[in-house]
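K.L.:
Below: sequence and its predicted model.
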Number of protein chains: 2
Amino acid sequence: MLIKLKINNIDCRKYPGSEKVYVEGELFPEIKVGMRQVNQMPTVKVDAEGNKTVRENPSVTIYDTSGPFTDPAIEIDINAGIPRIRERWNARRDDLEELPEITSEYGRQRLADSSLDSIRFTRRYKPLRAKEGAKITQLDQARAGKITPEMEYVAIRENLRCQELGIDSHITPEFVRQEVAAGRAVIPANPNHPEAEPMIIGREFLVKLNTNIGNSALSSGIEEEINKAVWSCYWGGDTLMDLSTGDNIHETREWIIRNCPVPMGTVPVYQALEKVNGKVEDLTWEIYRDTLIEQAEQGVDYFTIHAGALRAHADLISERLTGIVSRGGSIMTRWAVIHNQENFLYTHFEEICEILARYDVAVSLGDGLRPGSIHDANDRSQFMELDVLGELTEIAWKHGVQVLIEGPGHVPMHKIQENMDRQIEKCHGAPFYTLGPLTTDIAPGYDHITSAIGAANIARMGTAMICYVTPKEHLALPNLDDVRAGVITYKIAAHAADLAKGHPGAQVRDDALSRARFEFRWKDQFNLSLDPELAKRYYVESHKDDDRFCTMCGPNFCAMRISAATAESCK
Amino acid sequence: MLIKLKINNIDCRKYPGSEKVYVEGELFPEIKVGMRQVNQMPTVKVDAEGNKTVRENPSVTIYDTSGPFTDPAIEIDINAGIPRIRERWNARRDDLEELPEITSEYGRQRLADSSLDSIRFTRRYKPLRAKEGAKITQLDQARAGKITPEMEYVAIRENLRCQELGIDSHITPEFVRQEVAAGRAVIPANPNHPEAEPMIIGREFLVKLNTNIGNSALSSGIEEEINKAVWSCYWGGDTLMDLSTGDNIHETREWIIRNCPVPMGTVPVYQALEKVNGKVEDLTWEIYRDTLIEQAEQGVDYFTIHAGALRAHADLISERLTGIVSRGGSIMTRWAVIHNQENFLYTHFEEICEILARYDVAVSLGDGLRPGSIHDANDRSQFMELDVLGELTEIAWKHGVQVLIEGPGHVPMHKIQENMDRQIEKCHGAPFYTLGPLTTDIAPGYDHITSAIGAANIARMGTAMICYVTPKEHLALPNLDDVRAGVITYKIAAHAADLAKGHPGAQVRDDALSRARFEFRWKDQFNLSLDPELAKRYYVESHKDDDRFCTMCGPNFCAMRISAATAESCK
């Protein structure tokens, strides 16, 4: 398979004006945390007498989700997959066993089907799982007082080298361990996805953003999905959910995981439903269970599981303006009503947790009853389900499974705080992971924006991860441009919240960019921005000769230039 | 001059699926408030037995800023200007005098210059102003207990016909009068701009949005600026500021005002500076004063005046990362430092108010020291100036001049509330009118979004009007696409705040759109959205045969369809 790493005219193998740097671990010296370092131009001033002064400007460290793709020293071959950085860490563990072969029935069928050879990923790895009785999850280890390499990795990563700038930080490996042990933070790290760079989701850390990719019955092939994954990581996606519902889900996922430097999530019921040809009534616990194992052995790091949408909730649909808008929620309540039985994800939840615990797959408890409109926000159905998610959280924790709680949806601004407060209370502090929320229904085509307003607000209140929404939400599947717009928009929301939360060092980038702006160092301004290519393009398109002002104000009206002159006079 | 009212493939003479309706006044029966009515399709259901039921869906009333442009019954001729709806109201007043000719020196010079004939607006009107000693402003009239036609007009307009839907509303003409009398709301309504449809800016009313247009020395002609004005009103801009700094500002402005159905604002110092060839040191009070009269007689409805940026503030610039980023603020502090005198807008403020009172031009007290970066937010300079704006508010009110207070700028989310609280306290409840604020500095190219997050938040807290920011902010002048993106983004922020504030009837549109979405009435969904053309285009581009689902989810995965079936089963 040939994948162009130059996508939409962007070379995804480098960031402009930047270099890849690595910070080594202290507890685990083999840890090398990749970061992006933006190097700035010096500031040159010439005074009235013609004397020139040169001030060097410090480089700026940026949290980097692009993995090996932006390291020129690493050769990228999509057919081989990216480096498996955590393989050595896994090998050193005595609580994992390597299975001779994959154990899911469906995985074996696919492997035996030679007609799939042409689309199959080229290499094969043996799955790892917990030895019988071993407690292997990050949560288990944290509870046992053990700092894992993953914990030190994320501690270094969150700090953005701010200690070197003299900025205090409370984030240490031990602090990470405590947050994970308390269930307030999650490190999604399935040993079967050693390509993923560890990251942490919790309210004491940088706000993370998830992107969704995936084909549907109507569109999209494997190359396109890999492109989207690389693209998402390049722009700053922290995790990636593969929501494929079309053909060859199993094989597509393998390609993506083997090339994915960030944790990957899925909604297993989507694939389970494909296996029964889309007939909700034909879904069974056995098929679902096999799907969990299939995906866990491929390396999926977290599963969205709609175990909180109960049979009883179906009776409340008619109170709503827009019914159930969660695909998983609608499927499971439909199944429950058809069979007049309780949702099998709820009745089998202990068994689910046993499987997840063996592969350290985190559970993201789906909000099957999230409101799909302003009208339905914070209604009875939504909050009844949240109570159930609270019960399920305790069950998962009992099994050592790491837990995220998914949240709405569509919520007007004045109802956002209640969502956060209730989530913390009912779900015992487990990290909140919200879709938006959209703060109005009236802007299809711009729902990245309606939702970024909600996302920035709820993240500031403590939501740990926000799921991006693209401009095409409600209308169509996103293309590459939409993914880019969605990711950048959500980076804005996340960063705005990080600033408001006072995350150590978060403001360094703002200050550097603003200083560059004030000093007319345009290149530095572009390089420090979330989307250097776009910023530069907008500028260049309308730019004339003199770079001491832009077309916005013309030569006589540049406030920054006038005020710099005034400051000089006032010296 | 020929202006195409089909701009970028959008026919600016109609909204899809909509008709123009008028609501008549009760106190003033000649008042006809134009509104947009979106007519919906019926909902048709066929049950399992083949029985068909048809439910009519009510039309939805939308606040309409497009004026006569979207009324097919009105012939539009840019060369003649749009209908002067308030001319009759003015004619009935006994407190106005019609001047035999314009009184500004500059205006007369331009009129006498036959080389300008080719670019001059075709018709000429005699200026109106207060008779000697008459108190004519909306504020004066409100204080005197008088309900003006403008007040009844905005009361009707704000209510969106929600009484017809049985929705209670506190907004009556008398309530409007009280808010204006208290200074908490402003109706910008220069009698010399009778083309403008009255609107109100105040925290008890719908959040308004301002757009900026205007040429600079480097770009843009008259046709382009008129196009931008029509375009801005079409998409929902409530007021329009002409920030031109290039050639023929006077003539360009005349064309725009004569065709502008919304109040227009300017920053008179921009033109004053042009008159002295951009040399700040050559600015004088006399030139500025003449500019105020020139513009007031053309019909400008509000002036941004940077009277709060004082000589002493210049000494504080060096504390800042990004100095002074307000053009007006940088000009006036520079002037003060060069001449070692106090800002002449401050020393002549009483005289300024006397002029403004005679034409009922509102003053928008400029925030010359607004922060231009996260670093400088809420700093000493900013809040010192706010204190001065509070003093000036009282002086303006003493003269009967309506007051707006301009606000930042760049402010991280956790510092927004302090801006609102202090503004209310220091400026005695005068309406706040903010630029964004931008909640991070790191996203040039996306500053419509960084700022919409701040704008939605501050509007929810009580800011009455938000000034749009386009994607090109900090980089270049906006083109038509950027204006559209900026306006829609700010409509989102304003509407999100209206929902959060519980404005009567605000949610009707959300509910109607969501119901249309749930029932797969795609056309209604598009027609009810902020940007019908874009929403439809995104949909059509990826849409296949069946309109009962979209490409997002494919045929088996549409949550809304599945949940509708479940609700049916649960009946």
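P.N.:
Everything's here; your move. Treat the numbers as computed from the prediction; the structure is a model and nothing was measured. Residues are numbered from 1 along each chain as shown, chains lettered A, B, ... in the order given.
K.L.:
for A:T211, what are its contacts?
P.N.:
By C-beta atoms under 8 Å, 6 or more residues apart in numbering or on different chains, the residues touching A:T211 are A:232, A:237, A:239-241, A:467-468, A:483, A:486-487, A:490. The C-beta positions use only the backbone N, C-alpha and C, and glycine is treated the same way.
K.L.:
from the chain's centre, how far out does stretch A:248-262 sit?
P.N.:
16 Å (C-alpha atoms, centre = their mean, to the nearest Å).
K.L.:
swap in stretch A:297-312?
P.N.:
The answer for stretch A:297-312 is 17 Å, by C-alpha atoms, centre = their mean.
K.L.:
does chain B sit close to it?
P.N.:
No - applying C-beta under 8 Å from any C-beta of the partner chain, one finds stretch A:297-312 separated from chain B by no less than 9.7 Å.
K.L.:
how long is that stretch end to end?
P.N.:
End-to-end distance for stretch A:297-312: 34 Å, by C-alpha to C-alpha, to the nearest Å.
K.L.:
Mind picking out the helix or strand in chain A with the poorest mean pLDDT?
P.N.:
helix A:559-570 (a mean of 82; mean pLDDT, DSSP states H and E).
K.L.:
just to revisit the earlier point, can you tell me which of the contacts of A:T211 is closest to chain B?
P.N.:
A:Y490 (9.9 Å; C-beta to the nearest C-beta).
K.L.:
follow-up on the earlier one: and the contacts of A:T211, which of them are in helices?
P.N.:
A:232, A:483, A:486-487, A:490 (DSSP state H).
K.L.:
Only the buried members of those: can you turn that into a ChimeraX selection?
P.N.:
Of the ones in helices among the contacts of A:T211, the buried ones go into a single ChimeraX selection, burial set by 16 or more other C-beta atoms under 10 Å in any protein chain shown:
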select /A:232,483,486,487,490
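K.L.:
and which of the ones in helices among the contacts of A:T211 is nearest to B:E391?
P.N.:
Taking C-beta to C-beta as the measure, B:E391 sits nearest to A:Y490 out of these, at 42.8 Å.
K.L.:
residues touching the closest one, list them.
P.N.:
A:Y490 neighbours (C-beta under 8 Å, 6+ apart): A:209, A:211, A:448, A:452, A:455, A:466, A:468-469.
K.L.:
check contacts around the residue in the stretch 1-150 of chain A positioned nearest to chain B.
P.N.:
Residue nearest to chain B within the stretch 1-150 of chain A: A:I62 (9.4 Å; C-beta to the nearest C-beta). Counting by C-beta under 8 Å, 6+ apart, A:I62 touches A:18, A:35-38, A:160, A:509.
K.L.:
Generate JSON lines for these, with neighbour count, secondary structure and pLDDT as supplementary columns.
P.N.:
Formatted as JSON lines, the contacts of A:I62 follow (neighbours: other C-beta atoms under 10 Å in any protein chain shown; DSSP: H, G, I helix; E, B strand; the rest coil; pLDDT from 0 to 100):
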{"residue": "A:S18", "neighbour count": "20", "secondary structure": "strand", "pLDDT": "98"}
{"residue": "A:M35", "neighbour count": "19", "secondary structure": "strand", "pLDDT": "98"}
{"residue": "A:R36", "neighbour count": "20", "secondary structure": "strand", "pLDDT": "98"}
{"residue": "A:Q37", "neighbour count": "16", "secondary structure": "strand", "pLDDT": "98"}
{"residue": "A:V38", "neighbour count": "23", "secondary structure": "strand", "pLDDT": "98"}
{"residue": "A:L160", "neighbour count": "26", "secondary structure": "coil", "pLDDT": "94"}
{"residue": "A:R509", "neighbour count": "25", "secondary structure": "helix", "pLDDT": "98"}
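K.L.:
re the thing from before, adding pLDDT as columns, could you present the ones in helices among the contacts of A:T211 in a markdown table?
P.N.:
Output for those, formatted as a markdown table (pLDDT from 0 to 100):
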| residue | pLDDT |
| --- | --- |
| A:S232 | 96 |
| A:V483 | 94 |
| A:G486 | 97 |
| A:V487 | 98 |
| A:Y490 | 98 |
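K.L.:
Among the ones in helices among the contacts of A:T211, which one sits closest to A:A567?
P.N.:
Once C-beta to C-beta is applied, the member of the ones in helices among the contacts of A:T211 that ends up nearest A:A567 is A:Y490, at 36.8 Å.
K.L.:
How far off centre is stretch A:354-369?
P.N.:
16 Å.
K.L.:
Do me a favour and get the end-to-end distance for that stretch?
P.N.:
Note: stretch A:354-369 ends 25 Å apart using C-alpha to C-alpha.
K.L.:
Is there any residue in it that contacts chain B?
P.N.:
No - for stretch A:354-369, no contact with chain B is found by C-beta under 8 Å from any C-beta; the gap never falls below 9.1 Å.
K.L.:
in that stretch, what's buried?
P.N.:
A:355-369.
K.L.:
pLDDT at A:V508, what is it?
P.N.:
Looking at A:V508, its pLDDT stands at 97.
K.L.:
Same question for the one 3 residues further on.
P.N.:
Confidence at A:D511, expressed as pLDDT, is 98.
K.L.:
Give me the three-state assignment for the closest residue to A:D168 other than its chain neighbours.
P.N.:
Spatial nearest neighbour of A:D168, excluding adjacent residues (C-beta to C-beta, 6 or more residues apart in numbering or on different chains): A:P504 at 6.6 Å. Under DSSP: H, G, I helix; E, B strand; the rest coil, A:P504 falls in the coil class.
K.L.:
residue contacts, A:Q109?
P.N.:
A:Q109 touches nothing, counting by C-beta under 8 Å, 6+ apart.
K.L.:
would it count as being in a helix?
P.N.:
Yes - counting by three-state DSSP, one finds A:Q109 located in a helix.
K.L.:
wait, isn't A:V267 in contact with A:T245?
P.N.:
No - checked against C-beta atoms under 8 Å, the pair A:V267 and A:T245 is beyond contact range at 9.2 Å.
K.L.:
if we can go back for a sec, could you identify the most distant pair in the buried residues of stretch A:354-369?
P.N.:
A:R358 and A:L369, at 29.4 Å, using C-beta to C-beta across the buried residues of stretch A:354-369.
K.L.:
Please work out how many residues are found near A:D11.
P.N.:
A:D11 has 14 neighbours, counted by other C-beta atoms under 10 Å in any protein chain shown.
K.L.:
Next, the distance between the ends of stretch A:52-59.
P.N.:
22 Å.
K.L.:
residues in contact with the residue lying closest to A:I78 once chain neighbours are set aside?
P.N.:
Closest residue to A:I78 apart from its sequence neighbours, by C-beta to C-beta, 6+ apart: A:I3 at 4.5 Å. If you count contacts by C-beta under 8 Å, 6+ apart, A:I3 has them with A:78, A:223, A:226-227, A:230.
K.L.:
Tabulate those residues in TSV, adding columns for distance to A:T252, secondary structure and neighbour count.
P.N.:
TSV is the format used below for those (distance: C-beta to C-beta, whole Å; DSSP: H, G, I helix; E, B strand; the rest coil; neighbours: other C-beta atoms under 10 Å in any protein chain shown):
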residue	distance to A:T252	secondary structure	neighbour count
A:I78	13	coil	20
A:E223	10	helix	15
A:I226	8	helix	20
A:N227	12	helix	21
A:V230	14	helix	26
